[in-house]
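1. missing the sequence, but the structure's below:
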């Protein structure tokens, strides 16, 4: 996957204006940032460019203003938190295009860091309008994309600019692309994939793509119930998409043809109520009562899956195995995540995980920092698992 990085830029960037697409779409409450993870991810790229003397101009969206400027969605409110994380002053320009912005940028000092106003205040951003792209490009001499989380969108600031300015991948983007290539692009084999979550319908493309790319497909969460039902097993009142039985059977047929082993649980944890700590029991999948719900994988299934991971060289993980937000139905996710982390620490497994629920689940298990790579991207990570081309990435590689 050929793409230029910051290492391909000169050591001295004094006098150069670097337009850097970052992810500043952070959660806020009462005017304060409540989770600075995305800000922290941008630090290596911003610092590298500023330390080389470039004027660093940050492009980002915030919320869904739908092409209308408003104080509610202004990136100005993110500036103090970004400054704290960077440990250096951060300026602000009240637009990301236009002659006024050009004049303000011209007056900035080399090595300065400045946030440009929300790209989505312009209706042309999400339309990838060539006129807006041209106006944005007037602000910069080079373009850096460091927002993998927005790489699945062909917007002016995520894709358009890469075609009109010299384009490079930032440090965060570079790390994402290298990790993803190691996971599914050119992985060490055998490869296992864990796919969990509530509904098969939301991950049909993921499952269809993976059966042709991995040796072991581990299905958990509510999705596993749909596959069990498709095999004629009664799942009681569990969350289950019975109307997708034929689809599930089709995926199993494709997996067999591709030499991919699909792992479904043979023991499960069931309860009659969906809440924390209700009366529950471990049951064989063939012994689920009509008034019971499957809410987690059972201990024997988890032990067997751990043995599967011990035979693999690469793991891709998306989604929890059970209703991990409710105790005790977090146990399977926690146990298998700890096994994966231990194998990673031992040097036998390359582990890559991503997706919002996945990050939360791994952090809940206390191993979020122990996988080889954990992507904080949601939609982009999912589309990558679906085998789809990501416009923001393609524009960097020249594969257009």
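-> Arrived safely, thanks for sending. Since the model is a prediction, treat every value here as computed from it, not as a measurement.
2. wait, residue 200 touches residue 206, no?
-> No - with contact defined as Cβ atoms under 8 Å, residue 200 does not count as touching residue 206 (9.8 Å). C-beta: built from backbone N, CA, C; applies to glycine.
3. residue 381 - nearest residue in space that isn't next to it in sequence?
-> Once its chain neighbours are removed from consideration, residue 381 has its nearest residue in residue 354; the separation is 3.5 Å (Cβ to Cβ, 6 or more residues apart in numbering).
4. residues near residue 223, how many?
-> Other residues near residue 223 come to 29 when the count uses other Cβ atoms under 10 Å.
5. can you confirm it is in a strand?
-> No - assessed with DSSP: H, G, I helix; E, B strand; the rest coil, residue 223 is helix; it does not lie in a strand.
6. which pLDDT value goes with it?
-> With respect to pLDDT, residue 223 scores 94.
7. next one: residue 386
-> According to the model, residue 386 carries a pLDDT of 88.
8. give me phi/psi at it?
-> Reported as degrees, to the nearest 10, the phi and psi values for residue 386 are phi -80, psi -10.
9. please give me every residue in contact with it.
-> Contacts here follow Cβ atoms under 8 Å, 6 or more residues apart in numbering; on that basis residue 386 touches 205, 206, 209.
10. which parts of the stretch 1-150 of the chain are helices?
-> Secondary structure of the stretch 1-150 of the chain (DSSP state H, counting those that start in this stretch): helices located at 37-51, 79-86, 99-106, 124-127, 130-137.
11. who does the fourth one touch, helix- and strand-wise?
-> Going back to what we said before, that points to helix 124-127. Other helices and strands packing on helix 124-127, by 3 or more Cβ pairs under 8 Å, 6 or more residues apart in numbering; DSSP states H and E, are helix 130-137.
12. can you list the neighbours in contact with the helix it packs on?
-> So helix 130-137 is in contact with 19, 59, 96-98, 119, 122, 124-125, 143, 156-157, 160-161, 163-165, going by Cβ under 8 Å, 6+ apart.
13. give the buried subset of those residues as a ChimeraX selection command.
-> Buried residues among those (16 or more other Cβ atoms under 10 Å), as a ChimeraX selection:
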select :19,59,96,97,98,119,122,124,125,143,156,157,160,161,165
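14. so which of the contacts of helix 130-137 sit within strands?
-> Judged by DSSP state E, strands contain the following of the contacts of helix 130-137: 19, 59, 143.
15. let me know the closest of these to residue 311.
-> residue 143 (43.4 Å; Cβ to Cβ).
16. contacts only, for the nearest residue to that closest one once chain neighbours are set aside.
-> The shortest distance from residue 143 to any residue that is not its chain neighbour, by Cβ to Cβ, 6+ apart, is 4.0 Å, and that residue is residue 165. Under the criterion of Cβ under 8 Å, 6+ apart, the contact partners of residue 165 comprise 19, 137, 140, 141, 142, 143.
17. pull the most distant pair out of those.
-> Largest separation among these by Cβ to Cβ: 137 and 142, giving 10.2 Å.
18. what residues are shared contacts of those two?
-> Residues touching both residue 137 and residue 142 (Cβ under 8 Å, 6+ apart) are 19, 165.
19. low-confidence stretches in the stretch 1-150 of the chain?
-> Along the stretch 1-150 of the chain, the model assigns pLDDT under 70 to residues 1.
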